[in-house]
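Student: A predicted structure for the sequence below; I have some questions about it.
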Amino acid sequence: MGNPIGGHLYMNDIRPKSLKDFVGNIDAIKRVRLLIDAAKIRGEMPPHIAILGPKGRGKTLLAELIASELNAVFYIFNATAFKTPRDIRESFAYISLHEKTVIAIDEAHALNKTTTNTMLSALESKSITWNYEGQLVTEHLIYPHTVILMTTDEYRIFPPLLSRCDKIYLRPYTTDECAKITYGVFGRLGVNCTKEACIMIGRRSGGEARQAVHYARNAYDLATIKGVFKIDENLVKYLFDKILLVDKNGLQSRDIELLGIINKLGTASIGTLASMMDEPINNLKTRENFLIKANMITISSYGRELTKDGKEYVRSLGL
Ligand SMILES: Nc1ncnc2c1ncn2[C@@H]1O[C@H](COP(=O)(O)OP(=O)(O)OP(=O)(O)O)[C@@H](O)[C@H]1O
Ligand SMILES: [Mg+2]
């Protein structure tokens with residue numbers, strides 16, 4: 001059976017393909033353009049870069065787009081894959097066979113002490129010095145490369161590593177930017193949508209790009225199942241009200257449960273809330289950040305408490 005709304009869903013198809021389609025974070029993009037454009041004119045590779053920001057902000061996407069803008073081969077490693085200096089040496093020696101390479105290292109804060117030192121030498125020069133059976137060996141890399149370190153936790157990266165990179169920090173997205181990200185996803189999927197449908201999704205995304213992408217995919221799935229030709233406000237409203245149970249502020253049922261508990265307790269520590277919600281503290285912190293941004297809770301020296309808006313909201317729900 002065909003899909004009436006058309007389109008196709010492969011993860012790679014819904015990611016922007018060009019830097020000009022990277023939505024928002026204008027200041028960060030201006031700095032990236034400066035590094036790339038100057039390097040292109042000089043026929044060099046740009047300096048090493050650190051892309052910093054919380055989960056789902058577009059760090060990996062930006063690294064991919066930098067590589068594609070430079071027409072460079074793109075490699076991505078998770079820092080935890082580098083267990084010994086030899087792992088770095090082998091990866092870099094292999095990679096440096098390509099003329100232009102961007103080597104992205106995800107979760108760069110997870111590099112251990114010995115791999116950090118080897119990485120430093122790779123950032124520092126066109127060679128890697130590594131410890132081979134007790135002897136220091138230097139290996140020359142044939143072509144220049146740009147390393148992009150990515151992390152959600154800037155403060156856990158070894159400072160000398162970070163200081164050798166141009167730092168690019170990705171900020172949260174506005175409601176309009178989240179709507180634009182949604183619009184871009186529908187466009188790349190090749191499906192019809194209304195502006196209002198994108199705005200509804202943008203409003204509920206809490207300033208996070210990945211959340212907007214998830215909701216856009218959910219809307220696309222619902223349109224496919226319902227056999228409609230266009231993603232409009234009615235479809236998106238149905239998605240949020242009846243399926244995802246996300247209210248007009250972007251709050252999910254578990255967020256509302258959390259507000260209800262804080263309301264009953266007056267103030268509460270994160271530990272108390274984690275055990276009452278039966279949820280790991282880290283999860284709860286993400287939820288909490290969202291509720292702080294939505295102006296529903298604050299953190300005082302006594303613990304978490306509801307703001308005036310939070311209290312009004314809880315009252316409106318009769319909790
Ligand atoms: N500025 C943006 N414009 C358009 N799409 C974006 C933007 N930022 C992120 N996205 C989309 O949001 C999703 C998440 O982005 P990405 O995977 O790059 O985040 P990340 O910061 O690397 O997250 P993590 O820390 O979890 O690895 C992707 O589908 C990406 O295409
Ligand atoms: Mg990533």
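Tutor: Yep, it's here. Numbers count the residues shown, from 1 in each chain. Ligands and ions are numbered 1, 2, ... in the order given.
Student: Go ahead and flag the most central residue of the chain.
Tutor: Gly56 (2.2 Å; CA atoms, centre = their mean).
Student: got the contact list for it?
Tutor: 208-211 (CB atoms under 8 Å, 6 or more residues apart in numbering). The C-beta positions use only the backbone N, C-alpha and C, and glycine is treated the same way.
Student: so which of these is the most crowded?
Tutor: Ranked by neighbour count under the definition other CB atoms under 10 Å, the contacts of Gly56 are headed by Ala209 with 26 neighbours.
Student: just curious, which of the contacts of Gly56 is nearest to Lys237?
Tutor: Distance to Lys237, by CB to CB, is smallest for Gln211 among these, at 17.4 Å.
Student: Next up, identify which helix or strand that closest one is on.
Tutor: Assigned by DSSP states H and E, Gln211 belongs to helix 209-226.
Student: One more: Glu288?
Tutor: Using DSSP H and E, Glu288 maps to helix 281-293.
Student: now that helix against helix 209-226, angle please.
Tutor: Interaxial angle of helix 281-293 relative to helix 209-226 (axes from the mean of the first three to the mean of the last three CA atoms, to 10 degrees): 90 degrees.
Student: so what secondary structure elements neighbour helix 281-293?
Tutor: Helix 281-293 sits against helix 253-265, helix 270-277, strand 297-300, with contacts defined as 3 or more CB pairs under 8 Å, 6 or more residues apart in numbering; DSSP states H and E.
Student: Pick the most buried one from those.
Tutor: For the helices and strands packed on helix 281-293, the largest average neighbour count (mean count of other CB atoms under 10 Å) is found in helix 253-265, namely a mean of 17.
Student: if you average pLDDT over it, what comes out?
Tutor: Mean pLDDT, computed over helix 253-265, is 93.
Student: How many neighbouring residues does Leu123 have?
Tutor: Leu123, neighbours per other CB under 10 Å, totals 19.
Student: now do Leu306
Tutor: Count around Leu306 with other CB under 10 Å applied: 22.
Student: Next: the one 10 residues further on.
Tutor: The criterion is other CB under 10 Å. On that basis, Ser316 has 8 neighbouring residues.
Student: Need the per-residue pLDDT for it.
Tutor: The per-residue pLDDT reported for Ser316 equals 90.
Student: OK, contacts around it?
Tutor: By CB under 8 Å, 6+ apart, Ser316 has no neighbours at all.
Student: sorry, back to before: for the helix holding Gln211, buried residues please.
Tutor: 209, 211-220, 222-224 (16 or more other CB atoms under 10 Å).
Student: Report the mean per-residue pLDDT for it.
Tutor: For helix 209-226, the per-residue pLDDT averages 95.
Student: by contact count, what packs against it?
Tutor: Helix 209-226 sits against helix 175-189, helix 195-203, strand 230-231, helix 233-238, with contacts defined as 3+ CB pairs under 8 Å, 6+ apart.
Student: do you know how far the nearest residue to Arg203 once chain neighbours are set aside is from Pro144?
Tutor: Using CB to CB, 6 or more residues apart in numbering and skipping residues adjacent in sequence, the residue nearest Arg203 is Thr175, 5.3 Å away. For Thr175, the distance to Pro144 equals 41 Å [CB to CB, to the nearest Å].
Student: Please apply the same query to Gly134.
Tutor: 30 Å.
Student: Who has more neighbours out of those two?
Tutor: Taking other CB under 10 Å, Gly134 and Pro144 do not tie; Pro144 has more neighbours (14 against 5).
Student: ok, the residue nearest to Arg203 touching Gly202?
Tutor: Yes. Between Thr175 and Gly202 a contact is recorded at 4.8 Å, counting by CB atoms under 8 Å.
Student: who has more neighbours, the two?
Tutor: A direct count of neighbours by other CB under 10 Å for Thr175 and Gly202 places Gly202 higher, at 25 against 17.
Student: returning to what we had before: compare the helices and strands packed on helix 209-226 and give me the one nearest ligand 1.
Tutor: Proximity to ligand 1 (CB to the nearest ligand atom) singles out helix 175-189 among those, at 4.5 Å.
Student: what about the helix holding Gln211, near ligand 1?
Tutor: Yes. Helix 209-226 reaches ligand 1 (CB under 6 Å from any ligand atom) through 209-210, 213.
Student: Could you do stretch 80-92 as well?
Tutor: No. Under the criterion of CB under 6 Å from any ligand atom, ligand 1 is not reached by stretch 80-92; the shortest gap measures 13.2 Å.
Student: From the chain's centroid, how far away is that stretch?
Tutor: Between the mean C-alpha location of stretch 80-92 and the chain-wide mean there is a distance of 25 Å, by CA atoms, centre = their mean, to the nearest Å.
Student: Whichever residue of the stretch 1-150 of the chain sits closest to ligand 2 and Tyr94: what is the separation?
Tutor: Closest contact between the stretch 1-150 of the chain and ligand 2, by CB to the ion, is at Thr60 (3.3 Å). Going from Thr60 to Tyr94 by CB to CB gives 21 Å.
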